[in-house]
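*Asks:* The following block contains a protein sequence and its predicted model.
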Amino acid sequence: MAKRERVMRMSVEQPLWRALAGYRVLTMVYAIGLFISAYDEIARPWVAVAYYAVLAVWTLATLPRVANAASCTKRFLAVDLTIALAGILLTRLAETPARIEAGAPTLPSIWTAGAVLAFAIKGGWRWAAFASTLVAAANLIHRSGVPTRDTVHMVLLVWIASIAIGYVVEVARASERTLARALEIEAATRERERLARDIHDSVLQVLAMVQRRGAVIGGEAAELGRMAGEQEVALRTLVSGGLVPVSRVSDDAAEGAVVVAVEEPDESTGPVDLRALLAPYAGAKVSLAEPGAPVTLAPAAARELAAAVGAALDNVRRHAGEHARAWILVEDEPDEVIVTVRDDGPGIPEGRLAQAEGEGRLGVALSIRGRLRDLGGSAELISVPGQGTEVELKVPKADSASRGKAEQR
């Protein structure tokens, strides 16, 4: 199948949400384990049991809420942080003063950091600073305004880490938007080049022929030829400067984009003999030399290579004169297929190709080199004034085979 490109949106922060979901579950188990190990030392264990029951149900039931930014709403964040703060304050009711002064952990322990990190991933460093400040205030109240060194270390760690992660998320989002735009431009440019090749092989050729014939016939035909020439110039300008809008598909509310290949239906399902596609080009002024055995390529690769040969022959007819002869040589090498198009015309003056490309005449740049580049191949043009022009087209078989397998899928 033929390959085209479109842009699909995705979120680079999605791994952070998955990590946060795992962190919440693990830290919930850790907090409950700390409680079980110190059960006999807790003054009112029933308070802790009630809190941990709520914590476990809340953590497991809200796992879908931390699946992505769209599900993690402001209301959820507020309730989540409230549960963490309530656990810190309830520690004074469950623990003995001696254990609190000795630095016993709070009921939610490091689960609290998960609630703060959710703020950071959702809203950036400002939201993280707000949530971590509330956690720091709750810890100060829990310690009666005289926190231990371990408490200070934990509060500072949560505060700094959450703000840092929030800042990284903001930078990642900004970079993602820039990357999205760059990928959209790349996809649009490639689509523009594909359309330019097709237009050059059809519409532009017809307009150029009408212009030449009209000038020869004269009269009203000359005026028609002049109008065709104007339209040719306008169309070349549009093709060389315009951008084609690209499609967007997204299942996630986060911003960002990635270019993916999209398969289009194709009637061909197996390898194609390149000789059959090149045979129509043979004629009185075009000689075709080919191997006796089939030269097979993937359908898309064979069609594009044949179209590039057609574009080379069009250049021969346009620039080498009506009496010029051309020869097509097909070589089936083990790793690649080589097609050489040679003519006995006057050749191309030095610098003429660059000048034509600058004027918007993209026959060699797009119809020939562009096609081969998209196939992973190459096109080399050799021209000596007075000795004709030779165009050598190469397409690797390995890349063509991989394209053929993708088409059949």
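*Replies:* Yep, it's here.

*Asks:* Pretty sure Ala228 sits against Gln211.
*Replies:* Yes: at 4.7 Å, Ala228 counts as touching Gln211 under the criterion of C-beta atoms under 8 Å. C-beta here means a position set from N, CA and C on the backbone, and glycine is covered the same way.

*Asks:* tell me which element the residue of the chain most remote from its centre falls in.
*Replies:* For the chain, the residue at maximal distance from the C-alpha centroid (C-alpha atoms, centre = their mean) is Ala98, at 58.4 Å. Assigned by DSSP states H and E, Ala98 belongs to helix 97-101.

*Asks:* ranges for the helices of the stretch 251-400 of the chain?
*Replies:* Ranges of helices within the stretch 251-400 of the chain are 274-278, 299-319, 352-358, 371-374, 397-408, based on DSSP state H, counting those that start in this stretch.

*Asks:* The fourth one packs against which elements?
*Replies:* With contacts defined as 3 or more C-beta pairs under 8 Å, 6 or more residues apart in numbering; DSSP states H and E, the packing partners of helix 371-374 are helix 299-319, strand 378-383, strand 389-396.

*Asks:* Can I get those in CSV including mean neighbour count?
*Replies:* Converted to CSV, the helices and strands packed on helix 371-374 look like this (neighbours: other C-beta atoms under 10 Å):
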stretch, mean neighbour count
helix 299-319, 22
strand 378-383, 16
strand 389-396, 21
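
*Asks:* Is Ala104 part of a helix or strand, or is it coil?
*Replies:* coil (DSSP: H, G, I helix; E, B strand; the rest coil).

*Asks:* Please tell me how far it sits from Val152.
*Replies:* Relative to Val152, Ala104 is positioned 15 Å away (C-beta to C-beta, to the nearest Å).

*Asks:* Go ahead and confirm Arg173 touches Glu13.
*Replies:* Yes: proximity of Arg173 to Glu13 meets the contact threshold set by C-beta under 8 Å, at 7.2 Å.

*Asks:* related to what we said a few turns ago, residues contacting the helix holding Ala98, please?
*Replies:* By C-beta atoms under 8 Å, 6 or more residues apart in numbering, the list of residues contacting helix 97-101 from outside reads 38, 41-42, 91-92, 142-143, 148.

*Asks:* mind redoing it with 10 Å?
*Replies:* 38, 41-43, 91-92, 94-95, 104-106, 142-144, 146, 148 (C-beta atoms under 10 Å, 6 or more residues apart in numbering).

*Asks:* same deal with stretch 164-172?
*Replies:* 11-13, 16, 20, 69, 116-117, 119-129, 131-132, 256.

*Asks:* So which of these are in helices?
*Replies:* 16, 20, 116-117, 119-123, 125-129, 131-132 (DSSP state H).

*Asks:* ok, so of these, who is nearest Leu26?
*Replies:* Leu20 (10.8 Å; C-beta to C-beta).

*Asks:* can you tell me how far that closest one sits from Leu117?
*Replies:* From Leu20 to Leu117 the distance is 6 Å (C-beta to C-beta).

*Asks:* Among these two, which residue is more densely surrounded?
*Replies:* Leu117 (24 against 21; other C-beta atoms under 10 Å).

*Asks:* contacting residues around the more buried one?
*Replies:* 16, 19-20, 23-24, 66, 128, 131-132, 158, 161-162, 165-166.

*Asks:* Please name the residues that touch Phe35.
*Replies:* Here Phe35 is in contact with 42, 45, 48-49, 51-52, 94, 105, 107, 109 (C-beta under 10 Å, 6+ apart).

*Asks:* Of these, grab the buried ones for PyMOL.
*Replies:* Here is the PyMOL command that picks out the buried ones among the contacts of Phe35, judged by 16 or more other C-beta atoms under 10 Å:
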select buried, resi 42+48+51+52+94+105+107+109
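
*Asks:* Kindly indicate which of the contacts of Phe35 lies nearest Tyr30.
*Replies:* The closest of the contacts of Phe35, once distances to Tyr30 are taken by C-beta to C-beta, is Ser109, at 6.4 Å.

*Asks:* Show me the shaky parts of the protein.
*Replies:* 1-12, 145-148, 150-151, 195-202, 204, 230, 232-269, 284, 349-367, 399-409 (pLDDT under 70).

*Asks:* So which of Ala104 and Val152 has more stuff around it?
*Replies:* Looking at Ala104 and Val152 with other C-beta under 10 Å, you find the greater number of neighbours at Ala104, namely 20 against 14.

*Asks:* backbone phi and psi for the more buried one, please?
*Replies:* Reported as degrees, to the nearest 10, the phi and psi values for Ala104 are phi -60, psi 140.

*Asks:* Could you measure from it over to Ala115?
*Replies:* 20 Å.

*Asks:* same deal with Pro15?
*Replies:* Taking C-beta to C-beta, one finds Pro15 at 19 Å from Ala115.

*Asks:* next one: Gly229
*Replies:* Taking C-beta to C-beta, one finds Gly229 at 70 Å from Ala115.

*Asks:* ok, now Arg149?
*Replies:* Arg149 is 24 Å from Ala115, by C-beta to C-beta.

*Asks:* Check the offset of the host helix or strand of Arg92 from the chain's centre.
*Replies:* Assigned by DSSP H and E, Arg92 belongs to helix 74-94. Relative to its chain's centre, helix 74-94 lies at 41 Å (C-alpha atoms, centre = their mean, to the nearest Å).
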